[in-house]
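**Student:** just the structure for this:
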Amino acid sequence: MKRRIIWALAAALLLTIGLLSGSCAGEEATTTTSAEEPATTESTAPSTTAAALDRPVKIGGTLPLSGPAAGDGQRFLDGRKLAVKKINAAGGVLGQQIELVVVDDGFEPAKVPSLYENLVRQDKLDVLLSSYGAPMTMPAMAVADKYDKLVLSGYSSSTGLMEQYGGKRFFTVAAQPKDKMYVNWFYRGLTDFLADFDSWNTKADVQKPTKIAVLNENQLWGIEQHDLWKPHAEQQGWEIVVDEFVEMNQMEFSSLISKIKSANPDVIMTEFFYFRSVPFVKQLKEQGVKADFVACSEAGTTADWADETKGAGAVGNNVITFDYLPAAYTGGGSEEFRADFKAEYGRDPGFLEAAGYAEVQVLAQAIETAGSIETDALRDALLSGSFETVYTSAKFDSMGLNAEFNPVVGQWIDGRLESVYPKDAATAELVYPFAQ
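**Tutor:** Okay, here's the model as predicted:
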């Protein structure tokens, strides 16, 4: 079964939740239908230029709103909804309101193709947004190709996505060009930072780290990240003492943690989705593992990491990650976004919320620049324009990669995510060795 959410906003009311079947204005309409629901054969609406457009612009895609990644999917959805609300309140795009359609994929890649088929053929979406992460986005690309649709993402990237579809069918705000660190910016960025130890170390009793334990996800993006990073790490002189993969829904790590404990690494590094990072760090504590540095790529993606219920709590203190919403970046309405999000949802936003917001930001700017929602016009606008989002500026290269994306190294310190490197962006000094 799938959950379908239609979120439409009317200009007169600023925010009116759209109807699937008789829901009241101002409420989020939710219906449940079979995941095997057949796609209709109706054609999409023909009027797509500024002169002809006389209907809402329909955008959307799938997100995991159930299953292990449901919390992450909801964070993404909240960001998208707020962006649509703000843009519609300001007049929408091309004089029309934006209608957002999001379908639950349950974090199951096998469901994605048929869901996107329905989104295009039944819901008649004009532009597609990616799902959560490369393993959930890649299955949608054949559908986008089939129906000549553009897919925009504020989060997903992989070598497979970029080399097959980048700049043609797919654009991502959160990956660097190949002459920088490409889609491998977390692994590369972190080990480059640690390899530069002598330039920032201030403690005579802490030795430069040389031994690293790395855990990767056994899926498209995790495998690619590992294979891009490993030769680079070996060239830097890292001794990789643990090098293992975990399955998509794995949440128990005792045997892997035993290996890590026996190997006694200086650095423990994971490239896990957020929902998996929390139990991993808690299980490190339970098994009494010690290391000078512990890094989790997704620990910085939400503001909930330090929460005892929703996150790792005190156990996650001093974990290194990336600060995806650094205080040093103030463009794209980032400060207003933080305030608006807190007012709308009663909590601070993290990167996932910002990524969902940024997708809609870039798309709205591209539509206005193109004066159209036609795929070719939007592609030209994305390739030639410069854009502002709440977490980074964006200028896409020919592969759909963002030349302006430069995340900074962050660390959770006393319940706050601080920027710690490079120095000109730092809001706090790095705390090390890592202390459980």
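
**Student:** so which residue is dead centre in the chain?
**Tutor:** Central residue of the chain (Cα atoms, centre = their mean): Tyr155, 2.9 Å from the mean position.

**Student:** neighbours of the residue lying closest to it once chain neighbours are set aside, how many?
**Tutor:** Excluding its sequence neighbours, the residue lying closest to Tyr155 (Cβ to Cβ, 6 or more residues apart in numbering) is Ala355, at 4.2 Å. Bear in mind the C-beta positions are built from the backbone N, C-alpha and C, glycine included. Ala355 has 30 neighbours, counted by other Cβ atoms under 10 Å.

**Student:** distance between the helix or strand where Ala355 lies and the chain's centre?
**Tutor:** Taking DSSP states H and E as the definition, Ala355 sits inside helix 351-370. Centroid displacement of helix 351-370 relative to its chain, using Cα atoms, centre = their mean, to the nearest Å, is 13 Å.

**Student:** what's the first helix or strand after it?
**Tutor:** Scanning forward in sequence from helix 351-370 by DSSP H and E, the next helix or strand is helix 375-384.

**Student:** so for that next one, mean pLDDT?
**Tutor:** Confidence for helix 375-384, expressed as mean pLDDT, is 98.

**Student:** and the contacts of that helix?
**Tutor:** 127, 148-150, 152, 167-168, 171, 362, 366-367, 369-372, 396, 398, 400 (Cβ atoms under 8 Å, 6 or more residues apart in numbering).

**Student:** could you pull out the helices for the stretch 251-400 of the chain?
**Tutor:** 254-263, 274-286, 334-345, 351-370, 375-384 (DSSP state H, counting those that start in this stretch).

**Student:** nearest to Glu418, out of the ones you listed?
**Tutor:** Closest to Glu418 of these is helix 351-370 (Cβ to Cβ; 14.5 Å).

**Student:** next, the angle helix 375-384 makes with the closest one.
**Tutor:** Interaxial angle, helix 351-370 versus helix 375-384 (axes from the mean of the first three to the mean of the last three Cα atoms, to 10 degrees): 110 degrees.

**Student:** next helix or strand past the lowest-mean-pLDDT helix or strand in the chain?
**Tutor:** Using mean pLDDT, DSSP states H and E, the weakest-scoring helix or strand in the chain turns out to be strand 29-33, at a mean of 30. For strand 29-33, the following helix or strand on the C-terminal side (DSSP H and E) is strand 57-63.

**Student:** give the next helix or strand downstream of that next one.
**Tutor:** That would be, after strand 57-63 and using DSSP H and E, helix 70-89.

**Student:** how far does that following helix sit from its chain's centre?
**Tutor:** 13 Å.

**Student:** and it, what does it pack against?
**Tutor:** The contact analysis (3 or more Cβ pairs under 8 Å, 6 or more residues apart in numbering; DSSP states H and E) places helix 70-89 against strand 2-8, strand 57-63, strand 98-104, helix 274-286, helix 334-345, helix 351-370.

**Student:** with only the CA atoms kept, save that helix in CSV.
**Tutor:** Presented in CSV, the C-alpha positions along helix 70-89 are these (Å, rounded to 0.1, in the frame of the first residue of the first chain):
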residue,chain,number,x,y,z
ALA,A,70,10.3,7.5,7.6
GLY,A,71,11.7,10.1,9.9
ASP,A,72,14.2,11.3,7.3
GLY,A,73,11.5,11.3,4.6
GLN,A,74,9.2,13.5,6.7
ARG,A,75,12.0,16.0,7.3
PHE,A,76,12.5,16.2,3.6
LEU,A,77,8.8,16.6,3.0
ASP,A,78,8.5,19.4,5.6
GLY,A,79,11.2,21.4,3.8
ARG,A,80,9.5,21.0,0.4
LYS,A,81,6.1,22.0,1.9
LEU,A,82,7.5,25.1,3.5
ALA,A,83,9.2,26.2,0.2
VAL,A,84,6.0,25.7,-1.8
LYS,A,85,4.1,27.7,0.8
LYS,A,86,6.6,30.6,0.7
ILE,A,87,6.8,30.7,-3.1
ASN,A,88,3.1,30.5,-3.5
ALA,A,89,2.5,33.3,-1.0
